[in-house]
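**Student:** coordinates for the following, if possible.
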Amino acid sequence: MAKIFGKWVDKNANNLTHSGTELGIKFSDDSAAHSDKVWSSTKIDTISGTLNDKITSVGGVDEVEYLTVAGGDITNKYIALANTPYSASEVAMDIIGGTAQIYDTDYTVSGTNLVWDGLDLDGVIEAGDKMRVFYTYA
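**Tutor:** Numbering: from 1, shown residues only. Reported below is the predicted structural model:
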């Protein structure tokens, strides 16, 4: 007996059954082609090969950084983050005492750099401004 999606099911010959549910899985005959597949009334996608090769980055560490803009950051038009975000476009940033900023309009991220060169924050950011940056990294 096994528990699937909170329901107890019995294996009877080559079938898993549970009365009163839509569960009805039949294992194929061992001598038939594709005998390693599970068949059901609905399509089940199969992943083959090494599982780690099929999975993109999952999980990670959520980070919140509080950064104070220095004069060199103004000249460079970027400020360095402590880590490389998983997804640059999912980095959120706001100016403490100001408002939330918009990715691709106000700033972008390249590697570990939060960049505002040529964007709406260019010429607006000043030394001493404090940023709050949210992202996930490995």
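**Student:** and the longest helix along the chain, which residues are buried?
**Tutor:** Across the chain, the longest stretch assigned as helix under DSSP state H is helix 71-76. Judged by neighbour count using 16 or more other Cβ atoms under 10 Å, the buried positions of helix 71-76 are 73, 74. In short, each C-beta sits where N, CA and C put it, glycine included.
**Student:** likewise for stretch 97-110?
**Tutor:** Buried residues in stretch 97-110 (16+ other Cβ under 10 Å): 101, 103, 106, 107, 108, 109.
**Student:** outline the domain layout of this structure.
**Tutor:** 2-50, 61-137 (automatic domain parsing).
**Student:** mean pLDDT for these: which is lowest?
**Tutor:** For the domains of the chain, mean pLDDT drops lowest on domain 2-50, to a mean of 52.
**Student:** any idea how far apart the tips of stretch 110-128 sit?
**Tutor:** The first and last residues of stretch 110-128 sit 22 Å apart, counting by Cα to Cα, to the nearest Å.
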